[in-house]
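Peer 1: Please find the sequence and the predicted model below.
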Amino acid sequence: MAGLMLSGLLVSCGENPTATPTVAPPTATPVPLDAKGIAKLATDKINGLNSVHFIIDIKSGEVVIYNGITFKHGEGDLTRPDKYRAKLRVVLAIAQVDAETVGIQDKQWILLPNLSKDWQPLPSNIGFKASVLFDPDKGLSSVVSKIKDISQDGSETLSGVDCYKLKGIVSGPDIAPLTAGTLGKNDVNFEVWIGKSDFITRQVTFKEISTDAKASDWQLNFSGFDKPVDIKSPVPQ
């Protein structure tokens with residue numbers, strides 16, 4: 001009888017072995033990104049955008065649009081590969097006036113309501129073209145990828161978005177295409193604000209390294225990422 005009881009106990013133990021506790025693998029500790037890594041992710045995001053709303057504020061210096069008309073401020077929309085529209089604040093003679101511009105491929109037009117109700121064509125090889133912002137070879141992504149002595153300069157919140165702030169130096173020749181050739185003689189102090197959650201560039205500033213009181217000082221802000229934009233020619237085609 002005792003043997004049968006022992007046999008039954010052994011069988012019972014064999015059918016219901018004690019489960020070995022499962023130990024979860026340790027959670028990997030995220031590797032913090034350095035400034036170069038953040039900049040690389042930002043350039044990839046810029047090159048992946050299809051449209052953006054932009055504001056360009058030239059705090060010092062100027063960009064010649066055409067025939068004595070200089071550009072100081074602009075706000076508009078840009079869509080890949082080469083369409084843009086913007087409302088501008090320009091200087092004509094000694095007065096600041098409002099203007100509008102549209103660019104499609106290699107054509108661009110300007111409207112100066114104070115002077116005429118008609119859109120005027122502009123030569124394709126002059127003036128600031130917003131489409132350069134998306135150019136992978138000479139636009140914003142190219143410039144960010146060429147920042148020298150890049151470092152992280154803390155964090156800031158822009159329009160409710162927590163951003164990395166990076167800073168460094170960009171050479172004159174590297175910044176020149178982005179500024180319609182306005183810059184290029186001197187290097188610039190360059191700063192860029194990049195969203196921590198999506199690595200999309202929200203703001204860029206660059207200031208010419210120069211003792212000249214008229215040294216260029218630009219600020220660019222971006223929003224409306226990938227929102228539909230319909231840009232048409234302002235004149236019959």
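Peer 2: Structure received.

Peer 1: what helix or strand does residue 108 sit in?
Peer 2: strand 107-111 (DSSP states H and E).

Peer 1: Residue 43 now?
Peer 2: Residue 43 belongs to helix 35-48 when assigned by DSSP H and E.

Peer 1: Would you mind getting the angle between the next helix or strand after that helix and helix 35-48?
Peer 2: Per DSSP H and E, the first helix or strand lying C-terminal to helix 35-48 is strand 51-60. Here the directions of strand 51-60 and helix 35-48 differ by 120 degrees (axes from the mean of the first three to the mean of the last three C-alpha atoms, to 10 degrees).

Peer 1: Direction included, what does strand 51-60 pair up with?
Peer 2: If you go by DSSP bridges, strand 51-60 pairs up with strand 69-79 (antiparallel), strand 217-223 (antiparallel).

Peer 1: worst average pLDDT in those strands?
Peer 2: Per-stretch mean pLDDT for those is lowest at strand 69-79 (a mean of 92).

Peer 1: now residue 70: how far from residue 90?
Peer 2: Going from residue 70 to residue 90 by C-beta to C-beta, to the nearest Å gives 6 Å. Glycine gets a C-beta too; all of them are placed from N, C-alpha and C.

Peer 1: More neighbours: these two, which one.
Peer 2: Legend: neighbour count by other C-beta atoms under 10 Å for residue 70 and residue 90, higher for residue 90 (22 against 16).

Peer 1: tell me the secondary structure for the residue nearest to that one when sequence neighbours are not counted?
Peer 2: For residue 90, ignoring the flanking residues on the chain, the nearest one in space by C-beta to C-beta, 6 or more residues apart in numbering is residue 99 at 4.8 Å. Following DSSP: H, G, I helix; E, B strand; the rest coil, residue 99 is assigned to strand.

Peer 1: List the contacts of residue 99.
Peer 2: 69, 87, 88, 89, 90, 110, 111, 112, 113 (C-beta atoms under 8 Å, 6 or more residues apart in numbering).

Peer 1: Tabulate those residues (JSON lines), appending distance to residue 42.
Peer 2: Output for the contacts of residue 99, formatted as JSON lines (distance: C-beta to C-beta, whole Å):
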{"residue": "69", "distance to residue 42": "33"}
{"residue": "87", "distance to residue 42": "27"}
{"residue": "88", "distance to residue 42": "27"}
{"residue": "89", "distance to residue 42": "28"}
{"residue": "90", "distance to residue 42": "31"}
{"residue": "110", "distance to residue 42": "32"}
{"residue": "111", "distance to residue 42": "34"}
{"residue": "112", "distance to residue 42": "36"}
{"residue": "113", "distance to residue 42": "37"}
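
Peer 1: Just the buried residues out of those, in PyMOL syntax.
Peer 2: Provided next is the PyMOL selection string for whichever of the contacts of residue 99 are buried by 16 or more other C-beta atoms under 10 Å:
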select buried, resi 69+88+90+110+111+112
